[in-house]
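[1] structural data only, the sequence is not supplied:
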């Protein structure tokens, strides 16, 4: 329920160009995004689903991603290595932790690289949803049994690589919902407020295919390749961490 409510807030942020509305200021959007992340962390800590060790792990993931972004700010085309740890964290620890890892990683890396701007609220939700998708996939594949598994299976890697492939395109499409508004009035492609929903969606699809599809392909393929190449040891390490951070009451 907590993730559903939080995601509804994010959907409003992304949906406004399709509903003919406008956002008066980027400051409230950033406040909403950071407030939503903070609220989720408070709820998780209060419900004892996240303790000091989990917070430390989130901080470590965010710091590592910030370092990767500093080393390779622009990436190679649309590829960026920062999604690899978000995918693995979500898969190993579940959707809520995945959202926290993705959102916090983008916030910290944006501060570290000077990338704070009106695009950041959108990045927070989009990267968070990458972690959620990985967490949902992990739950469907193994029901979180990975907390007891020392070595991830081939199925784990293939499923997570598939999630990385799909979310590589999805992240780009979500971010285009923000980019698109800067092309307001452009013939055939740009955002025009007040158009019927069907025409607005058609314009956005054309915009994405023309400007972003090839670029996002590198991100999607890069995500999948990193998971297949490096996912096994990272998932195994996260699985060991999860076992150590989990207490079970045995009658």
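    Okay, I see it. The model shown is predicted, which means the values in this text are computed figures rather than measured ones.
[2] right, and the helix or strand after the lowest-mean-pLDDT helix or strand in the chain?
    Lowest mean confidence among the helices and strands of the chain (mean pLDDT, DSSP states H and E): helix 26-46, at a mean of 59. Sequence-wise, the next helix or strand downstream of helix 26-46 (DSSP states H and E) is helix 52-71.
[3] return the set of buried residues in that following helix.
    54, 57, 58, 61, 62, 64, 65, 66, 68, 69 (16 or more other C-beta atoms under 10 Å). (Glycine included, C-beta is placed from N, CA and C.)
[4] cool, stretch 203-214 as well?
    Quick answer for stretch 203-214 (16+ other C-beta under 10 Å): 203, 204, 207, 208, 211, 212.
[5] those residues in helices, which ones?
    203, 204, 207, 208, 211 (DSSP state H).
[6] how about those residues in a markdown table, adding distance to residue 113?
    Converted to a markdown table, these look like this (distance: C-beta to C-beta, whole Å):
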| residue | distance to residue 113 |
| --- | --- |
| 203 | 31 |
| 204 | 28 |
| 207 | 26 |
| 208 | 25 |
| 211 | 23 |
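[7] tell me the one among these nearest to residue 155.
    Among these, residue 208 lies closest to residue 155 (C-beta to C-beta), at 31.3 Å.
[8] hmm, the closest one is touching residue 173, no?
    Yes. Residue 208 lies in contact with residue 173 (C-beta atoms under 8 Å); the separation is 5.8 Å.
[9] please enumerate residues in contact with stretch 167-185?
    14-15, 17-18, 78, 83, 87, 118-119, 122-123, 125-127, 129-130, 133-134, 189-193, 204, 207-208, 211-213, 215-217, 219-224 (C-beta atoms under 8 Å, 6 or more residues apart in numbering).
[10] against which helices or strands is the one helix or strand residue 239 maps to packed?
    Assessed by DSSP H and E, residue 239 sits inside helix 213-245. Other helices and strands packing on helix 213-245, by 3 or more C-beta pairs under 8 Å, 6 or more residues apart in numbering; DSSP states H and E, are helix 52-71, helix 82-93, helix 154-179.
[11] confidence-wise, which of these is weakest overall?
    Mean pLDDT is lowest for helix 52-71 out of these, coming in at a mean of 84.
[12] show me what that one is packed against.
    Helix 52-71 makes packing contacts with helix 26-46, helix 82-93, helix 95-113, helix 213-245 when contacts are defined by 3+ C-beta pairs under 8 Å, 6+ apart.
[13] by contact count, what packs against the shortest one?
    When contacts are defined as 3+ C-beta pairs under 8 Å, 6+ apart, helix 82-93 sits against helix 52-71, helix 95-113, helix 120-142, helix 154-179, helix 213-245.
[14] angle of it against helix 120-142?
    Interaxial angle of helix 82-93 relative to helix 120-142 (axes from the mean of the first three to the mean of the last three C-alpha atoms, to 10 degrees): 40 degrees.
[15] same check on the longest one?
    With the same axes, to 10 degrees as the basis, helix 213-245 and helix 120-142 are set at 60 degrees to each other.
[16] in the stretch 101-250 of the chain, where is pLDDT below threshold?
    142-150, 183-186, 246-250 (pLDDT under 70).
[17] leaving out sequence neighbours, find the closest residue to residue 241.
    Leaving aside its chain neighbours, residue 241 sits nearest to residue 57 (6.6 Å; criterion: C-beta to C-beta, 6 or more residues apart in numbering).
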